[in-house]
Every structure is written in C-alpha cells, then in structure tokens.
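Engineer: generate a structure from the sequence data that follows.
(one chain, ligands or ions: 3)
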Amino acid sequence: MHSVSNTESTILNLIQPFDAKTDREQIDLLQALGRILAEDIKSELDFPHWDNSSMDGYAFRHADLEEVEQLAIASQDIPAGSTEAPPLGKGECVRIFTGGMLPEGADTVVMQEDVEIVGVYLRLKAPSTKGEYVRHQGEFYRSGITLLSKGTKLVGTDLGALAALRCQTVPVYRQPKVAIFSTGNELVSLASQDPLKLGQIIDSNQYTLAALVTQAGGIPLLMGAVPDRQESLRSAIETAIASADLVISSGGVSVGDYDYIDRILAEMGAELHIQSVAIKPGKPLTVATFSSSLNNALTASGEKRCQLYFGVPGNPVSAMVSFWRFIRGAIAKLGGGNASSWYPQFILAQTTQDLHAQGRRETYLWGHLAWKSGRAIFDPVENYSSGNLISVIGTNALAILKVNQTYVPAGETVAIVQI
Ligand SMILES: Nc1nc2c(c(=O)[nH]1)N[C@H]1C(S)=C(S)[C@@H](COP(=O)(O)OP(=O)(O)OC[C@H]3O[C@@H](n4cnc5c(N)ncnc54)[C@H](O)[C@@H]3O)O[C@H]1N2
Ligand code: MOO
Ligand SMILES: [Mg+2]
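Structural biologist: Ligands and ions are numbered 1, 2, ... in the order given. Here you go, the predicted structure:
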C-alpha cells in the first residue's frame with residue numbers, strides 16, 4: 001500500500017504538462033475565465049495611457065503657486081474623453097473632471113471642495129502637494145512588462161486588467177480531455193425511465209466526476225456505465241484511451257471477484273504504478289500508464305497520447321476523495337497550471353467536535369469550514385460512510401488525520417483542505 005504523499009508524487013511525476021506551443025488556443029477574453037495562460041502577457045499600452053485627474057476639480061502647474069495668490073480659470077473645461085484642451089497658460093488653471101486628461105503644462109489637481117472661486121479666479125483653501133490627484137501615465141503598468149505570467153489561471157480581476165490593456169483574445173492551454181466511465185452491473189443511467197429494480201442504483205459517480213473534472217478545468221467525456229464483464233470493460237478502456245488525455249473509471253478496483261479493472265489493464269500491457277493507497281476513504285486506487293505502442297495503436301495518428309488512467313473506487317465518497325486528493329492536481333499540472341496549483345492547500349482549523357480515525361490510513365473527514373471572529377472553524381458531519389454521498393452535501397472541506405493519529409478532541413486544531 002502506498003502512502004498518500006508517495007501516491008501524490010508518483011502521479012505528478014507521471015504527468016507531462018501540455019506543450020505551450022502546440023497544446024494551446026487563442027480565445028476571446030470573455031471565454032477565458034478559469035483558463036490557463038500559455039504565454040506571458042505583455043501590452044504595448046501604458047496604464048494609465050496618459051496623465052489624468054482622479055478628482056473633479058481644477059488642474060494647474062504647482063510651481064505657479066509660488067508666484068501668484070490666485071489662478072485664472074481658463075474658459076474651456078476638460079471632461080473625461082476630451083482631447084481638445086489647449087496648453088495651460090502661466091498662472092492659469094482649468095476645470096477638470098475625474099478621468100479627464102491633464103492639459104500640457106498642468107501637473108497637479110485640486111479637489112473642487114478645497115477651492116474658493118472669486119470671479120474668474122481660483123484660490124486654494126488648503127496647501128496642495130505637487131502631483132496630487134494625478135494618475136500618471138504608466139504609473140500602474142509600463143508597456144512591455146509582464147502583466148500576467150504563463151501558467152496563471154485567469155480570474156475575473158485578471159480579465160478586467162486584460163481588457164483595459166486591450167487584449168481582445170488570449171493564448172491559453174487547451175483543456176485536458178478526461179474520459180469518465182462507471183463500472184457495475186447494478187448501475188442504471190439517470191436518463192433511464194424504467195422503474196428501478198431491486199439491486200439497482202443510479203450511476204451517480206458519472207455526475208460527481210463530470211462536475212469535479214469541469215471544476216478542475218478539464219473537459220469531461222461521459223461514457224456512461226459499463227457492466228462488470230471483461231470484454232465490455234476492455235473495450236470501454238480502449239475507447240477511453242483513444243479519446244482522452246486522462247481516463248477516470250469508477251468501481252471494480254477492490255479485491256472482489258467482479259473487480260476486473262486491474263486485471264484487464266495488466267492484460268493490456270499497462271503499467272500499474274499504484275493499486276492501493278493508505279487513505280480512508282479511497283484505499284483502492286489504480287494508477288496506470290500505457291506504452292507508446294499501445295497508445296499509438298489506439299489513437300488516431302497525430303493525436304496526443306493518453307497520459308494516465310485512474311481507477312477510483314466505486315463508493316461515491318471514496319471516488320470524490322480520490323479526485324480531490326490526487327486527480328485535481330494531475331489535471332492542473334497537465335493543463336499547464338503553476339506548480340502551486342498541483343498541490344492541495346492546507347490550512348489549520350479548530351474542530352467543533354471530536355474527530356476519530358482508526359490510524360492505519362490517512363483519514364479524510366468531511367465537514368463545513370467557516371470563519372468565525374477571524375478563526376477557521378471546522379464542523380464535521382456525523383456519518384462517515386464512504387457510501388453516504390448525501391452527507392457530503394453542504395460540506396466544503398476535509399479534515400486530515402495522519403497515519404497513527406486516532407483522535408483530535410473538540411477545540412483542537414486540525415489540518416484542513418478545501419474542496
Ligand atoms: N474484502 C474487501 N472488500 C473491500 C475492500 C477490501 O479491502 N477488502 N475495500 C473496500 C473499500 S475500502 C472500497 S472503497 C470498496 C471499493 O470497491 P470498488 O472500487 O471495487 O467498487 P465496487 O465494488 O464496484 O463498488 C463499491 C460500491 O460503490 C457503489 N458504486 C459503484 N459505482 C457506482 C456509481 N457509478 N455510482 C454510485 N455508486 C456506485 C457500488 O454499488 C458499491 O456499493 O471496496 C471495499 N471492499
Ligand atoms: O477506501 Mo474505502 O473508500 O474506505 O470505503
Ligand atoms: Mg468492488
């Protein structure tokens with residue numbers, strides 16, 4: 001049985017990130033949320049593009065204050081968007097509005113609340129500092145400097161900055177394609193209209209895994225449920241390898257007589273790197289790779305090879321924990337994400353209830369993480385059956401008890417990973 005950390009590093013070492021030159025596409029900025037940059041982004045524009053006022057008020061040359069008590073107000077004003085203001089004369093000021101472009105000769109703005117108008121003259125009621133209320137050209141960003149680095153996963157704030165700098169389209173890595181199929185004679189598709197017979201259950205893993213793959217930035221290719229028959233499973237595995245960068249099957253990886261996945265993979269000549277992990281839930285986990293000759297035989301020429309096969313347990317929560325702990329990072333690395341995105345981020349939280357584990361495997365207990373008076377508080381669920389996917393509803397974190405750690409009393413801190 002492999003340790004969790006050994007399994008994590010084995011998986012990440014097997015993943016070869018996409019090629020930034022070939023595995024990429026140029027997409028519209030509006031489609032780019034959550035996508036990963038395949039290139040450093042630079043702009044030819046400075047930001048701000050030109051000196052402008054950050055207040056409604058008056059623009060003037062600060063040095064003029066040494067010579068005159070009051071400034072003559074120019075007749076033309078400068079709203080945002082105006083480009084017609086003449087250069088500022090000596091001893092003059094000009095009415096300007098927020099976002100208005102500073103006229104030539106002006107270097108400072110005074111807020112209208114801080115002035116007194118006397119006829120056509122302006123007096124400052126308070127001292128002013130040179131450059132005040134001016135947003136200078138290039139002060140926030142200088143053209144040619146890297147704005148966002150390759151490997152960045154784009155968030156909303158990035159999109160606004162890219163738009164401001166006129167990046168209509170962005171180069172991003174293509175999204176990893178992840179084939180997903182379930183295994184089990186008991187499984188019925190959610191789409192089926194037939195009444196459930198005794199012994200049958202709905203194939204819920206298909207939905208969980210599709211959603212988690214999407215959340216992780218991949219494209220799920222849904223292949224449905226495959227019965228526990230060797231020929232059917234082998235042909236499903238072959239189809240999956242041929243069509244995707246990664247494969248996730250659920251079920252059939254434990255020690256039961258109908259758990260065929262590892263046997264079939266071995267018969268196909270796959271290399272089985274991991275077959276079980278000291279993690280609870282999620283002990284049976286198969287991680288396999290295929291030789292390039294097998295990949296080539298199954299994959300249309302010119303297509304990318306399938307990098308990794310994950311056989312996750314059928315128990316619904318076990319499948320989720322396997323995904324969160326091992327597959328999420330693999331998708332991030334494959335898809336070009338920064339190294340920091342390959343690993344879960346752990347934080348410490350205080351548990352509201354006693355936490356128990358058997359201690360033989362690293363144990364993941366799901367619950368709800370909240371911030372109360374600035375402290376991270378973890379509220380565990382009551383029932384930890386790996387078949388109880390209902391208990392996962394509303395949870396957002398896993399508490400982790402290391403091997404040999406059997407008890408964390410209420411009020412103590414525990415390592416948490418957000419899900
Ligand atoms: N003698 C032993 N038995 C088991 C062991 C063991 O070490 N010795 N390990 C247990 C653990 S731990 C797990 S986890 C499960 C994993 O089993 P499999 O991966 O082989 O999965 P299945 O047997 O096919 O199914 C398990 C369970 O999950 C339900 N299931 C399966 N697929 C789906 C799906 N797509 N949607 C919803 N539910 C699904 C299935 O009906 C079973 O109830 O093995 C233990 N056994
Ligand atoms: O590893 Mo299993 O997931 O404990 O039920
Ligand atoms: Mg089984």
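Engineer: neighbours of the residue of the stretch 151-300 of the chain found nearest ligand 2, how many?
Structural biologist: Taking Cβ to the nearest ligand atom, ligand 2 has its nearest neighbour within the stretch 151-300 of the chain at P281, 2.9 Å off. C-beta coordinates here come from the backbone N, C-alpha and C atoms, glycine included. For P281, the count of nearby residues is 23 (other Cβ atoms under 10 Å).
Engineer: quick one: it and P316 touch, right?
Structural biologist: No: assessed by Cβ atoms under 8 Å, P281 is found out of contact with P316, at 9.4 Å.
Engineer: tell me the spacing between whatever residue of the stretch 1-150 of the chain ends up closest to ligand 3 and V277.
Structural biologist: Going by Cβ to the ion, ligand 3 is nearest to M1 of the stretch 1-150 of the chain, at 16.7 Å. Distance, M1 to V277, by Cβ to Cβ, to the nearest Å: 6 Å.
Engineer: ok, the residue of the stretch 1-150 of the chain closest to ligand 3 - contacts?
Structural biologist: Residues near M1 by Cβ atoms under 8 Å, 6 or more residues apart in numbering: S276, V277, A278, K283.
Engineer: ok, and the most crowded of these?
Structural biologist: Neighbour tally across the contacts of M1 (other Cβ under 10 Å): the maximum, 25 neighbours, falls on V277.
Engineer: for it, what are phi and psi?
Structural biologist: phi -130, psi 140 (degrees, to the nearest 10).
Engineer: which stretches in the stretch 101-250 of the chain count as strands?
Structural biologist: Here the stretch 101-250 of the chain has its strands, by DSSP state E, counting those that start in this stretch, at 108-111, 115-118, 121-124, 134-135, 146-148, 169-173, 177-183, 187-188, 201-202, 219-226, 246-250.
Engineer: what's the neighbour count on A163?
Structural biologist: Other residues close to A163 by other Cβ under 10 Å number 12.
Engineer: contact partners of the helix-or-strand element of the chain with minimal mean pLDDT?
Structural biologist: Here the helix or strand of the chain ranked lowest by mean pLDDT, DSSP states H and E is helix 292-298, holding a mean of 80. Contact partners of helix 292-298, identified using Cβ under 8 Å, 6+ apart, comprise E238, I241, A242, M268, G269, A270, R305, C306.
Engineer: pull the longest strand from the chain.
Structural biologist: Across the chain, the longest stretch assigned as strand under DSSP state E is strand 362-372.
Engineer: can you list the strands that it pairs with?
Structural biologist: Here strand 362-372 is paired, per DSSP bridges, with strand 279-280 (parallel), strand 375-380 (antiparallel), strand 397-401 (antiparallel).
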